[in-house]
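everything below, folded, please.
(2 chains)
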Amino acid sequence: MDADCAKLNDESLLLKLRSGDSASFAEIYQRYWPILFRHAFRMLKNDNEAEDVVQDTFTKLWKAAPELPTDTILAAYLYTIVRNQVLNIIARSSVQASYRTDLKKFMVDGYELTDHLTRERILSKLIEDEIQNLPSRMREVFELKRKQHLSYKEIADVMEISELTVKTQMNKAITILRKKLGNHIALFFTIL
Amino acid sequence: MKYLKPEEIIDAYLEGKVSVEQSDRLETWYLLKGEQSDYPEADHNYEALGNRMWENIQQDISDKTILNPYTTVKTVRLSWFKKVAIAASITLVSALAILYYTQKKTTPERFTISKEKDIAPGTNSAFLILADGKRVDLSKTNNGLLTTESGIEIIKKKNGELIYQAVSAHTKSNFTNTIETPKGGQYAIVLPDGSKVWLNAASSLTYPTTFSDTERRVTLKGEGYFEIAHVMDKSGKSRLPFVVATTDGRNAGQEIKVLGTHFNINSYPDEPLVRTTLLEGSIAVSTSAGKSVTLKPGQQSAFNGTNLQVSDADTDMAVAWKNGDFVFREDLNSAMRKVARWYDVDVIYTDSAPKKLMLGGWMSRETNISDVLDHIQATGKVHFTIVGRRVIVSE
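Here you go, the predicted structure:
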């Protein structure tokens, strides 16, 4: 049962989920909720809102699963829903008013950052890095799980580009960001 | 710039109505914010948090009955018992696994229900009460022809099925038979018109051995799943209606009228509502107070004795029992009522028993009670003790 699902990679889990398998839904939840929660909490700095984001994200996943295109990358899909949920809260919540001011400014003065795919990868990295910040016991479990199932290699395979390209593109993007932002960001993207 | 307010920009972005440039900027802004943000001081109890959110997700999913994207009525004609066999052979699959999983990581020893006290699942057992009041224990009689009543043969099949078959030009009669399942029993019956009814535990169905010319009328207590055969009336021009009346502890009755269709009725007296779930066809549900609704496939009516409400149904959950499964998308008390009926046990709640524990999961009901309770117990939120045929629920 759960042990079987635990052995599956994200792709196979998603395939099972599409046919309405709730054990695979549970496994996906296990695999992703802590980093999604940490990311939402980091963005929103509010427990209730972060919880809402995670819950809605999984509810949406369940709802949308039968209709998802077969080439959906589970992680990327989840990260995008989380980001959109966070944005949605930023647009509405009184707690998040400062973000709105900041966003308004950025939309006028802001610069652009490479292409869409690269941004998607940075978002993935941003969220997956939360693994490092989990309480140690939880992290061990996660790393084991995630190392088996999702690696840069896998991302590269799925996106049909070489692992090196993934890294190069990420580095390029990061260099651009670094220049713009200077050194006040301590721990920036470190490529494994 | 078209959108001036940030909330408008976000909304437009989420609806996919912004330019590529705007969407690039918004996404970039988001990434920068993500990296700039420090994780705020917080002491989250991850285990509790993960479980709480999971429960809420389960509830969200079942409240909105959006679990149903997968609920297509299975028209694969497996025999009931084949289904049961398949269900039994499939290992327990359970969304509870998630909770179990979390728990397993932190609780080295799992509470396990002692196997010596185990209780076996229900079986194909029922009593047939003939027109003359004779009571036949179907689990003790041989397979084959049981008896003949007014030109109707009553045949017991080996797979827990009773068949009524007209053999001679039937004499009009008002012979009434009743089939009654005990707690821990289930049975299927094919009525003289070819309609098939599956009876869940602690239920009964009363019917004439020959239906009248104007309607086919039966009375249900408890829970039954019906597959009604299309039958034309004497004129050959319109269909002969099939009427299921439910009577239970409530004063108010409910009737449903159908022409040929698949549906489930749950009218147990210990359930707060009489639920009628339609899988195929169309049915009209009416109450003794004169209220009436028509259901479409995938809909469910709920009758509380006064009001009759229609909502989208969780059809998987409604007919799980017939397929040999438990599907729990409900609170603990509601799930335990199913367990009690199937394993013929009484459930006793101590003061420490959780008041509102939502469960989500499915498993075969062809296993011993310990399997089912183990899985629920593995949530870590509830503890069960089996004493004789009682299940004591505590924290």
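
quick one: name whatever helix or strand follows the helix or strand bottoming out on mean pLDDT in chain B.
The helix or strand of chain B with the poorest confidence is helix B:97-106; it has a mean of 37 (mean pLDDT, DSSP states H and E). Remark: after helix B:97-106, the chain's next helix or strand is strand B:127-129, criterion DSSP states H and E.

ok, that next one: who's next to it in the sheet?
Strand pairing for strand B:127-129, using DSSP bridges, gives strand B:135-137 (antiparallel), strand B:176-180 (antiparallel).

mind telling me which residue of the stretch 151-300 of chain B is nearest chain A?
For the stretch 151-300 of chain B and chain A, the shortest gap (Cβ to the nearest Cβ) falls at B:G298, measuring 14.9 Å. Every residue, glycine included, has its C-beta placed from N, CA and C.

that residue reaches B:A318, doesn't it?
No - applying Cβ atoms under 8 Å, one finds B:G298 not in contact with B:A318, separated by 10.4 Å.

who has more neighbours out of these two?
B:A318 (23 against 18; other Cβ atoms under 10 Å in any protein chain shown).

do you know the pLDDT at the more buried one?
Listed pLDDT for B:A318 reads 90.

did I read that right, it in a helix?
Yes - counting by DSSP: H, G, I helix; E, B strand; the rest coil, B:A318 is located in a helix.

buried stuff in stretch B:336-343?
B:336, B:338-343 (16 or more other Cβ atoms under 10 Å in any protein chain shown).

buried sites along whichever helix or strand B:E7 is part of?
Assigned by DSSP H and E, B:E7 falls within helix B:6-14. For helix B:6-14, the neighbour count (16+ other Cβ under 10 Å) marks B:6-7, B:9-13 as buried.

helices of chain B, start to end?
For chain B, applying DSSP state H gives helices covering B:6-14, B:20-36, B:46-63, B:80-89, B:97-106, B:315-319, B:332-343, B:369-377.

could you tell me the least trusted of these?
Of all the helices of chain B, mean pLDDT reaches its minimum on helix B:97-106 (a mean of 37).

low pLDDT regions in the chain?
In the absence of a named chain, chain A is used. Chain A contains residues with pLDDT under 70 at A:1-4, A:109-114, A:137-138, A:140-192.

please refer instead to chain B.
Within chain B, the ranges that satisfy pLDDT under 70 run B:1-3, B:63-116, B:168-173, B:248-252.

and the spatially most central residue of it, how far from A:S22?
Closest to where the C-alpha atoms of chain B average out (Cα atoms, centre = their mean) is B:A318, at 2.8 Å. Applying Cβ to Cβ, to the nearest Å, the value for B:A318 to A:S22 is 17 Å.

returning to what we had before: just the CA atoms of the helix holding B:E7, as CSV, please.
Provided in CSV are the C-alpha atoms of helix B:6-14 (Å, rounded to 0.1, in the frame of the first residue of the first chain):
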residue,chain,number,x,y,z
PRO,B,6,-1.1,45.5,-7.9
GLU,B,7,-4.1,43.4,-7.1
GLU,B,8,-5.4,43.9,-10.6
ILE,B,9,-2.1,42.9,-12.1
ILE,B,10,-2.0,39.7,-10.0
ASP,B,11,-5.6,38.9,-10.9
ALA,B,12,-5.0,39.5,-14.6
TYR,B,13,-1.8,37.4,-14.4
LEU,B,14,-3.7,34.5,-12.7
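
quick one: contacts of it?
A:84, A:87-88, A:90-92, A:99-101, A:103-104, A:107, B:2-3, B:18, B:22-23, B:26 (Cβ atoms under 8 Å, 6 or more residues apart in numbering or on different chains).

filter these to the buried ones?
A:84, A:87-88, A:90-91, A:99-100, A:103-104, A:107, B:3, B:18, B:22-23, B:26.

pick out the most distant pair among these.
A:N84 and A:K104 (18.9 Å; Cβ to Cβ).

circling back to that earlier point, not counting sequence-adjacent ones, nearest residue to the residue of the stretch 151-300 of chain B closest to chain A?
B:A313 (5.8 Å; Cβ to Cβ, 6 or more residues apart in numbering or on different chains).

now do the one you found against chain A, distance only.
Note on B:A313: its distance to chain A, by Cβ to the nearest Cβ, to the nearest Å, is 16 Å.
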